[in-house]
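K.L.:
I'll drop the sequence and a predicted model, then ask my questions.
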Amino acid sequence: MSLEGWVEWCVAWAYTPYGVLALFINAFVESSFFPIPPDVLLIALSVLRPQWALGYATVCTVGSVLGGVFGYLIGQKGGRPLLRRLISEERIHWVDGYYQKYDVWAVGIAGFTPLPYKVFTISAGMFSLDLKRFVLVSLVSRGARFFLVGSALFFFGDIVKLYLTKYLNIFSIGVVVLLIFGFFAMRLVSKRINVAKEAANPEE
């Protein structure tokens, strides 16, 4: 299925009685393997019912953190061979570099930014990060991200609803594309910083 097809499929759940359950499941599975971020369905539900936006953000946060724990356990049991099936060895080193710099807060960075959260949840288990700290940081970062979206639509939902309802699918696809673009932009910046550091310290 194409990216547009995945997004449309996710958005369609907002128009069914199972939208909240679908949001929880989307947030849960995205933390370990599903390609579409739950922001898409969170926005769709919140646009349709702005007064429930903070409740949707809560469901999204809980589902994502529990999914992150599941990803952690997958990494703990499957280890490096499993991670190699999901990402390249180069990206494993890249993730390891984030852990070397930021420890468990690397998960927090991934949880709030376009970085792939699922990669960090699985690798957190593989590198045996402290589970309690992992859960705490995930709760803070994922909660901050989803409540930022939920709060915006809760307070300004009536204003944006008129525009987003008509073009919801197009907007949702744009959100996913921006997240993907943001991930690659952050990765490029990270590489340039590392190259600059190596050039400044050639003997290290």
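P.N.:
Happy to help now that I have it. Quick caveat, the model's predicted, so the values are computed rather than measured.
K.L.:
Would you agree residue 128 is in contact with residue 73?
P.N.:
No: counting by C-beta atoms under 8 Å, residue 128 sits too far from residue 73 to count as a contact (11.8 Å). For the C-beta atoms, the positions are set from N, CA and C on the backbone; glycine is no exception.
K.L.:
between the two, which one's more packed in?
P.N.:
Under the neighbour definition other C-beta atoms under 10 Å, residue 128 and residue 73 were set side by side, and residue 73 has more, 15 against 10.
K.L.:
And the more buried one, how far from residue 146?
P.N.:
22 Å (C-beta to C-beta, to the nearest Å).
K.L.:
separation between residue 120 and residue 58?
P.N.:
Residue 120 is 22 Å from residue 58, where distance means C-beta to C-beta.
K.L.:
between the two, who's got more neighbours?
P.N.:
A direct count of neighbours by other C-beta under 10 Å for residue 120 and residue 58 places residue 120 higher, at 28 against 15.
K.L.:
any idea which element the more buried one lies in?
P.N.:
Counting by DSSP states H and E, the element that carries residue 120 is helix 117-126.
K.L.:
Check residue 32 too.
P.N.:
Counting by DSSP H and E, residue 32 is part of no helix or strand.
K.L.:
Apart from its neighbours in sequence, what residue is nearest it?
P.N.:
residue 71 (3.7 Å; C-beta to C-beta, 6 or more residues apart in numbering).
K.L.:
how deep is the one you found tucked in, by neighbour count?
P.N.:
If you count neighbours by other C-beta under 10 Å, residue 71 ends up with 26.
K.L.:
ok, it - contacts?
P.N.:
31-32, 118, 121-122, 124-125 (C-beta atoms under 8 Å, 6 or more residues apart in numbering).
K.L.:
Is it correct that residue 45 is in contact with residue 54?
P.N.:
No: with contact defined as C-beta under 8 Å, residue 45 does not count as touching residue 54 (11.6 Å).
K.L.:
Contact partners for residue 46?
P.N.:
Contacts for residue 46 (C-beta under 8 Å, 6+ apart) come out as 52-53, 56-57, 149-150, 153-154, 157.
K.L.:
Just the residues you listed: which are in helices?
P.N.:
53, 56-57, 149-150, 153-154, 157 (DSSP state H).
K.L.:
Can you tell me which of those are classed as buried?
P.N.:
By neighbour count, with 16 or more other C-beta atoms under 10 Å, the ones in helices among the contacts of residue 46 hold 53, 56-57, 149-150, 153-154, 157 as buried.
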